[in-house]
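J.: I'll drop the sequence and a predicted model, then ask my questions.
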Amino acid sequence: MSGDTWQQVVFWVFAVGMTFAALRVVTAQNVVHAALYLVGTLLGAAALFLLLFAEFVAWAQVLLYVGAIVVLMLFGLMLTRADIGKGNYDNDQRWLAALCAAALFGVTSWVILGTFEGQEISFARTEGVTTQAVGDLIFSAYVLPFEVVSVLLLAALVGAVVIARRDVGDESSGEITHETRARVEPGGDQTEERTPEVVR
Amino acid sequence: MPVQYFLVLSMLIFCIGIYGVLARQNAVLVLLSIELMLNAVNINFIAFAAHLDDISGHVFALFIIAVAAAEVGVGLAIVILIYRNRRTVDVDEMSLMKW
């Protein structure tokens, strides 16, 4: 199969890179390193999309996943005060989790290798899938899911704002835990109550 | 190129994501692992779109990216609210509803 040698080389390079980055995402002991290794995995996926003639999806992946979702994750890490430097981020069940993941991978890979025996992707085309073709399909056959996804994004936006909003001027909003309330009331000292505001 | 290469790669990254969801203690790292799983599914869709010459795979991949963005937004809002109330995002400590 010398016709797609270069495609195979590119595939293996990016596949090995993506797998290494994905393993480091789930094993890194530094949260920011884990987020940046996710960027590596997502860029590897975008490269594979380009290999498979999916140019619009590759660019959407870079723009939305790397450019927005990972940035949102980094904001989340910042706002939840993740440890700077090394921390301990694996819980006690990681060996059982590794066993489960390995077993699932083994069984499904065996099924996949058996089912798709001999089916090949042909790299014979000379141009990629045009954005116009994807757009035509979205707005003709998939216009209803498109509208539903728009409503979903609106609901998620409103929901995220409502959930994470700090209630204004409401002391019983549940922000202060019981320990903090016990420390505040006896001395009437307001600094403990104000600390959540400052820390945030 | 055999289509199995892409499918097995997709399954590998999906299983690495499953390990991350089960083994990580920080809630944001669990969300990162969920993103790995969604990405693996995207690779699967695009591989089949190239194999079967059907653009529907591209459309579904775009929908998955959009839904992932929505899910990350709401998920992080919940995590931030939990942090504000409990001062921790350790998933092992959120065990009030355990038996």
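T.: Yep, that arrived. Residues are numbered from 1 along each chain as shown, chains lettered A, B, ... in the order given.
J.: Flag the shaky bits of the chain, pLDDT-wise.
T.: You didn't pick a chain, so chain A it is. Low-confidence segments of chain A (pLDDT under 70): A:1-2, A:168-200.
J.: nearest residue to A:G85 other than its sequence neighbours?
T.: A:N30 (6.4 Å; C-beta to C-beta, 6 or more residues apart in numbering or on different chains). (Glycine included, C-beta is placed from N, CA and C.)
J.: How many residues are close by the one you found?
T.: 16 (other C-beta atoms under 10 Å in any protein chain shown).
J.: do B:C15 as well
T.: The number of residues near B:C15, taken as other C-beta under 10 Å, comes to 24.
J.: picking that back up, what distance do you get for the residue nearest to A:G85 to B:V91?
T.: Distance of A:N30 to B:V91, computed by C-beta to C-beta, to the nearest Å: 18 Å.
J.: and what of B:Q25?
T.: Separation of B:Q25 from B:V91 (C-beta to C-beta): 6 Å.
J.: So for these two, which residues contact both of them?
T.: Here B:Q25 and B:V91 share the contacting residues A:N91, scored by C-beta atoms under 8 Å, 6 or more residues apart in numbering or on different chains.
J.: Determine the longest helix present in chain B.
T.: helix B:56-86 (DSSP state H).
J.: which helices and strands sit right next to that helix?
T.: helix A:55-60, helix A:70-79, helix A:131-138, helix A:143-164, helix B:27-52 (3 or more C-beta pairs under 8 Å, 6 or more residues apart in numbering or on different chains; DSSP states H and E).
J.: List the buried residues in that helix.
T.: B:56-84 (16 or more other C-beta atoms under 10 Å in any protein chain shown).
J.: Stretch A:117-124 now?
T.: Here stretch A:117-124 shows A:121, A:123 as buried, counting by 16+ other C-beta under 10 Å.
J.: Which residues does it contact?
T.: Applying C-beta under 8 Å, 6+ apart, the contact partners of stretch A:117-124 are A:3-4, A:7, A:52, B:1-4, B:6, B:47, B:50-51.
J.: how about 10 Å then?
T.: A:1, A:3-4, A:6-8, A:11, A:51-53, B:1-7, B:47-48, B:50-53 (C-beta atoms under 10 Å, 6 or more residues apart in numbering or on different chains).
J.: ranges for the strands of chain A?
T.: Under the criterion DSSP state E, chain A carries no strands.
J.: related to what we said a few turns ago, mean confidence for the longest helix of chain B?
T.: Averaged over helix B:56-86, pLDDT sits at 93.
J.: Just want the angle from it to helix A:131-138.
T.: If you take axes from the mean of the first three to the mean of the last three C-alpha atoms, to 10 degrees, helix B:56-86 sits at 80 degrees to helix A:131-138.
J.: Pull the distance from helix B:56-86 to the chain's centre.
T.: Offset of helix B:56-86 from its chain centre (C-alpha atoms, centre = their mean, to the nearest Å): 9 Å.
J.: my guess is A:V148 meets B:F63, correct?
T.: Yes: the pair A:V148 / B:F63 is scored as a contact, 9.1 Å apart, by C-beta atoms under 10 Å.
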